[in-house]
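S.K.: I would like the atomic coordinates for the input below:
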Amino acid sequence: MKMKRTVPLVPENNATGIRENLRALRLVQIEKRLDEELTLALKEKTPPTEFLDRLLNIEVSSLRERRIARRIQESRLLEYKFIKDFDFEFQKGIDKRQILELATLAFVERKQGLVLAGNSGVGKSHLAKAFMLLGCQKDLRCRYTTAADMLKDLLAGLADGTVAQKLKRYTQVDILLIDEVGFDRLEQESARNASLFFKVIDARYDKASTWLTTNVDFKDLGTYLGDPVITTAIVDRLVHHSIIIHVEGPSYRMHQSKKLNREVKPKAVSPDPSTAPTT
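M.R.: Now for the predicted structure:
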């Protein structure tokens, strides 16, 4: 009895040439899915244009995912935060509708900034990091830094003559998030801090979106950065083109800590019958 010969979907010599061309064009995902998609297309009698569109969508989706991953890596964002995970029921000092509107990042297109001010633990950094992750997903160039780390980096640049190159890290991105302004006393150790801070803010003014989270009132920033005159110029630029949100409410971290402590209670230990006193 003769075995029935299986006819390949694409003649082997043609298939080899197709795969070589796909590799040459670096269409790796299409190459991986070619046989699977051909089988499906023949089974469903897919029109050629629809089949081609499906193949191209596979590659485009993969390219978009790689680009987003690269944007996130370049942003130096160390943790992922999401709007959906923010507890608006607990933190009633925040307008959910306003946050969802900001999440569209339309204000970034308008080159507006964002200032989230309030006490520690109220959710400022959570929201800012969540917005930045959305920026990365929109293929925007983003950069995350704490105020202390940025100033430390720029001061090191002054010492070794690389400050111009280092400034570009903070001025040539679509979104710059300066987190924890006021959190670390390092920023107050040198009067040069206000000047360096100003260089960053001024270079981005009217050109790109700058975000800050802070627990320091604007009126106290002069003392904080070491130079009230320069700080006034910084605040003037920030206020002019920024959306300012004052978050008033309890600390979510403290709330979580109390909740955890309530849940983890020591279990009552039953007495050992063998040690009970006899009568």
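S.K.: got the contact list for residue 86?
M.R.: Contacts for residue 86 (Cβ atoms under 8 Å, 6 or more residues apart in numbering) come out as 94, 99, 123, 126-127, 130. The C-beta positions use only the backbone N, C-alpha and C, and glycine is treated the same way.
S.K.: Distance of it relative to residue 178?
M.R.: Residue 86 sits 21 Å away from residue 178, going by Cβ to Cβ, to the nearest Å.
S.K.: Could I get the contacting residues of residue 172?
M.R.: Each residue near residue 172 by Cβ under 8 Å, 6+ apart is listed here: residue 141.
S.K.: I should have written residue 200 there, sorry.
M.R.: Contacts of residue 200 (Cβ under 8 Å, 6+ apart): 150, 154, 167, 170-171, 176, 178, 210.
S.K.: Is residue 39 part of a helix or strand, or is it coil?
M.R.: helix (DSSP: H, G, I helix; E, B strand; the rest coil).
S.K.: Next, count neighbours for it.
M.R.: Applying other Cβ atoms under 10 Å, we find 11 residues neighbouring residue 39.
S.K.: mind listing which of the contacts of residue 200 are in strands?
M.R.: Among the contacts of residue 200, DSSP state E puts 176, 178, 210 in strands.
S.K.: hang on, the first one packs against residue 212?
M.R.: Going back to what we said before, that points to residue 176. No: with contact defined as Cβ atoms under 8 Å, residue 176 and residue 212 do not form a contacting pair (9.2 Å).
S.K.: show me where the stretch 101-250 of the chain has strands.
M.R.: 113-118, 142-146, 175-181, 209-214, 242-247 (DSSP state E, counting those that start in this stretch).
S.K.: Export the ones you listed as CSV, with columns for mean pLDDT, mean neighbour count and distance to residue 82.
M.R.: CSV is the format used below for the strands of the stretch 101-250 of the chain (pLDDT from 0 to 100; neighbours: other Cβ atoms under 10 Å; distance: least, Cβ to Cβ, whole Å):
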stretch, mean pLDDT, mean neighbour count, distance to residue 82
strand 113-118, 93, 22, 16
strand 142-146, 97, 22, 15
strand 175-181, 95, 24, 16
strand 209-214, 96, 25, 17
strand 242-247, 92, 16, 18
